[in-house]
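J.: Sequence first, then the predicted structure:
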Amino acid sequence: MNHDYIDLQPVTHVQGTVRLPGSKSISNRILLLAALSQGDVDIIDLLASDDTAVMLAALRSLGVEWSEEATAIGTIHHVKGVAGVLPNKSADLFMGNAGTAIRPLTAALAVIGGDYTLHGVPRMHERPIGDLVDALNAAGTNVDYTGNPGYPPLHIKQGKIHAQRLSVRGDVSSQFLTALLMVAPLLAREHAITIDVIGELISKPYIEITLNLVRRFGVQVAQDGWSSFTIEPGQVYQSPGTIHVEGDASSASYFLAAGAIGGGPVRVEGVGRQSIQGDVRFAAALEQMGATIVMGDNWIEASSNGPLKAIDADFNHIPDAAMTIAIAALYADGTSTLRNIASWRVKETDRIAAMATELRKLGATVEEGADFIRVTPPAALGPATIDTYDDHRMAMCFSLASLDGLARKGTAVRINDPKCVGKTFPEYFAAFAAIAK
């Protein structure tokens, strides 16, 4: 395979079972919680990808000890918790383009204090972090911008925490609130800490993941709806002993959509009814489009039930998986509208603009707004070379345009820079080939 592109030929049927890699969102949260804990933590099925490698390397630079062991039940990462006290008081940390790593880590380092610099790839320096830094600095931390105000790179020095209430905007990225929730026990040493959310909170299911994991590590959070969260003083993260990382529900979306478009059944293993990830709700959107979905505790299966129906829906709760709906819309019987997705604009790339550009190459008519995208499919897709913008989800999404399926629309596609899938799913194209008949 040429590393600069991969050519996908039209596929008439897909069928099979895919074991999902671990969830990125869960993996990076668990790594930081394990590091901050009292006691040692064994993590089973941690995602092996660029974003988790960035977090593991950062923890090592901070003096957190961890090791990796291959066992019969999968890979186990042994992390030695530091009980909220980092051995290394200064470090220079490269965070790649991993939002799930830089945001919680910034909060932890700011609250713990020291002399730390955090930076990443050029795109990371265009992804906002100002709302988080403002919230932290208002509480007494000392975080400076060394480039553009409001964006990484950052320089963190020792602060003096004085606040009992923090407030953070919720309408740009839910990762800002996630970061504050994860460090709240470190802030609540003497007295309770309340975090108030200003404005609409987007991507709520990702906050549910955070709360679920914080509680798994022994810290109680009181909630007043989605507007404020209170952590009582004196709580410390405790090792749960062993913790298992679920399969990545966002990664599941490509295979479930493949089953919905290209026959099926396609089954994903690692997520199901018991999942703590909101992105399993993606299956409900496919069902709305007419696909057949069957769900078990730890698996989901999709198959097609005739041509897909167009959809008009709010996708604020599943922004990452919603990208896959924009591709499924190519196979629908009319115009589909994906609403309330402004967060796409500040992800790995400006996903609304990128999606519109690449969908048009396939022949679709696309309208884009500040927070929506509208897709009208062509009668048949035309062959195209797809640019991926160093964005893993663009590469995975557009592989689905090769599905001929029931709609007899698929085409040959060339995906440029396919290795960008290493951010979350290094083996994606092999897994996709395995279900293509």
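T.: Right, received. Where do you want to start?
J.: only C-alpha atoms for contact and neighbour calcs from this point on.
T.: Will do.
J.: Parallel or antiparallel, list what pairs with the helix or strand harbouring Ala302.
T.: Using DSSP states H and E, Ala302 maps to strand 299-303. Each strand that strand 299-303 pairs with, and the sense of that pairing, follows from DSSP bridges: strand 263-269 (antiparallel), strand 292-295 (antiparallel).
J.: Save those as CSV, and put in mean pLDDT, distance to Ser336 and mean neighbour count too.
T.: Formatted as CSV, the entries for the strands paired with strand 299-303 read as follows, by pLDDT from 0 to 100; distance: least, CA to CA, whole Å; neighbours: other CA atoms under 10 Å:
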stretch, mean pLDDT, distance to Ser336, mean neighbour count
strand 263-269, 96, 21, 24
strand 292-295, 98, 19, 18
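J.: Okay, helices next: where are they in this protein?
T.: Secondary structure of the chain by DSSP state H: the helices cover 24-36, 50-61, 99-112, 130-138, 175-187, 204-216, 249-262, 282-288, 319-328, 351-361, 392-399, 428-435.
J.: Packed most tightly, which of these would that be?
T.: Using mean count of other CA atoms under 10 Å, the stretch among these with the largest mean neighbour count is helix 249-262, at a mean of 29.
J.: Quick one: mean pLDDT over that one.
T.: Here helix 249-262 scores 96 as its mean pLDDT.
J.: And it, what does it pack against?
T.: The criterion is 3 or more CA pairs under 8 Å, 6 or more residues apart in numbering; DSSP states H and E, and the helices and strands that helix 249-262 contacts are strand 14-19, strand 263-269, helix 282-288, strand 299-303, helix 319-328.
J.: Mind putting those into CSV with distance to Glu69?
T.: Conversion of those to CSV gives the following (distance: least, CA to CA, whole Å):
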stretch, distance to Glu69
strand 14-19, 20
strand 263-269, 22
helix 282-288, 33
strand 299-303, 26
helix 319-328, 31
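J.: Break this protein into its domains for me.
T.: Described in terms of the TED database, the domain architecture of the chain consists of the residue ranges 5-21+247-435, 24-231+240-244.
J.: and the spatially most central residue of the chain, what does it touch?
T.: The chain has Ser25 as the residue nearest its centroid, 5.0 Å off, counting by CA atoms, centre = their mean. Contact partners of Ser25, counting by CA atoms under 8 Å, 6 or more residues apart in numbering, are 100, 206.
J.: From Gln175, how far out is it?
T.: Relative to Gln175, Ser25 is positioned 10 Å away (CA to CA, to the nearest Å).
J.: Can you show me the CA trace of stretch 290-298 as PDB?
T.: In PDB, the C-alpha atoms belonging to stretch 290-298 read as follows (Å, rounded to 0.1, in the frame of the first residue of the first chain):
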ATOM      1  CA  GLY A 290     -34.600   2.800   8.000                       C
ATOM      2  CA  ALA A 291     -31.800   0.500   8.900                       C
ATOM      3  CA  THR A 292     -32.400  -2.600  11.100                       C
ATOM      4  CA  ILE A 293     -30.500  -2.500  14.400                       C
ATOM      5  CA  VAL A 294     -30.200  -5.300  17.000                       C
ATOM      6  CA  MET A 295     -28.400  -4.700  20.300                       C
ATOM      7  CA  GLY A 296     -26.900  -6.900  23.000                       C
ATOM      8  CA  ASP A 297     -25.200  -5.900  26.200                       C
ATOM      9  CA  ASN A 298     -21.800  -5.700  24.500                       C
END
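J.: which outside residues touch that stretch?
T.: Contacting residues not belonging to stretch 290-298 are listed as 260, 269-275, 283-284, 286-287, 300-309 [CA under 8 Å, 6+ apart].
J.: The strand holding Ala302: how far from the chain's middle?
T.: Once both centres are worked out by CA atoms, centre = their mean, to the nearest Å, strand 299-303 turns out to sit 21 Å from its chain's centre.
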